[in-house]
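Chemist: Mind looking at a prediction? Sequence and model below.
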Amino acid sequence: MEIEKVEELYRKNGANEVEQDYRDLVSTFRRLRLKVPIPNTDYMHGLYLIDLVFQNTNQNIRMLNGIGESSWLDVLKDSLVKTLGRIKERGGCLKAIFVGEGQPPDIFFQLRERFGKDVVKYIVARANRSPRHFIACDGRMLRLEEFHELITQKTPSDNIMADVYFNNPNRTKLKEKEFDEMWDYLKEQA
């Protein structure tokens with residue numbers, strides 16, 4: 001199934017009955033303090049897991065993503081809006097580095113307008129080769145994608161795979177440190 005079909009299904013059905021199973025799984029991982037990942041085997045599975053990461057985020061999001069590969073932000077807009085509300089209340093922020101040519105997706109500008117530039121921040125970076133995309137949240141949750149070719153709406157959904165950690169502070173903090181170093185470097189170059 002192609003990315004556009006998966007997004008259409010997710011918009012129509014949301015997580016439905018699958019969502020509770022995922023919630024239970026994440027709850028178990030966190031309760032038992034399991035540091036192992038939940039494999040994200042395709043795009044639909046990724047949407048479920050990212051949604052759950054956002055639902056469990058309260059302070060900060062650091063995101064490294066391809067500039068033309070961000071349609072999932074539109075799909076998960078409602079979840080992201082709720083998350084950003086909690087983040088704003090707690091004085092945190094979402095920082096995103098978008099790699100590629102052009103501007104971030106429109107949804108990002110809408111979120112910035114709604115929550116403010118101090119809450120929703122971004123940098124556009126150019127690179128000869130796209131780095132491994134990731135989302136790190138609250139110093140304990142991490143979604144780390146496998147390398148992949150440029151994603152389009154016609155890309156098969158099983159081309160996007162990742163490991164999702166719901167309780168791995170060590171690994172998450174390393175990625176957050178890496179992100180912060182990239183962020184600082186890019187800010188200096190701007």
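Modeler: Right, received. Where do you want to start? Residues are numbered from 1 along each chain as shown.
Chemist: In this structure, which helix is the longest?
Modeler: For the chain, the helix with the greatest residue count under DSSP state H is helix 169-189.
Chemist: mind listing what's buried in that helix?
Modeler: By 16 or more other C-beta atoms under 10 Å, the buried positions in helix 169-189 come out as 169, 171-172, 175-176, 179, 182-183. Yep, even glycine has a C-beta here, placed from its N, CA and C like the rest.
Chemist: Now it: average pLDDT?
Modeler: The pLDDT scores in helix 169-189 average 96.
Chemist: what helices or strands is that helix leaning on?
Modeler: Here helix 169-189 touches strand 60-66, strand 93-99, strand 120-125, strand 134-137, strand 141-145, going by 3 or more C-beta pairs under 8 Å, 6 or more residues apart in numbering; DSSP states H and E.
Chemist: between the ones you listed, which one is nearest to residue 153?
Modeler: strand 60-66 (13.4 Å; C-beta to C-beta).
Chemist: and that closest one, average pLDDT?
Modeler: pLDDT averaged over strand 60-66 gives 95.
Chemist: same thing with stretch 21-35?
Modeler: 84.
Chemist: mind listing what's buried in it?
Modeler: Result for stretch 21-35 [16+ other C-beta under 10 Å]: buried residues 22, 26, 29.
Chemist: any chance of the residues you listed in TSV, with distance to residue 154 too?
Modeler: Converted to TSV, the buried residues of stretch 21-35 look like this (distance: C-beta to C-beta, whole Å):
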residue	distance to residue 154
22	27
26	31
29	34
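Chemist: which residue is nearest the middle of the protein?
Modeler: residue 135 (4.3 Å; C-alpha atoms, centre = their mean).
Chemist: Please tell me I have it right and that residue contacts residue 162.
Modeler: No - using C-beta atoms under 8 Å, residue 135 makes no contact with residue 162, being 9.1 Å away.
Chemist: so what's in contact with the two at the same time?
Modeler: Residues touching both residue 135 and residue 162 (C-beta atoms under 8 Å, 6 or more residues apart in numbering): residue 143.
Chemist: quick revisit: any idea which of the helices and strands packed on helix 169-189 gets closest to residue 107?
Modeler: Evaluated over these, closeness to residue 107 peaks at strand 120-125, with 10.3 Å, by C-beta to C-beta.
Chemist: out of the buried residues of stretch 21-35, which are inside helices?
Modeler: 22, 26, 29.
Chemist: Name the nearest residue to residue 40, sequence neighbours excluded.
Modeler: Once flanking residues are discounted, residue 40 sits nearest to residue 162: 4.0 Å by C-beta to C-beta, 6 or more residues apart in numbering.
Chemist: do residue 115 as well
Modeler: residue 84 (5.0 Å).
Chemist: I'd like to know how far that neighbour sits from residue 174.
Modeler: 25 Å (C-beta to C-beta, to the nearest Å).
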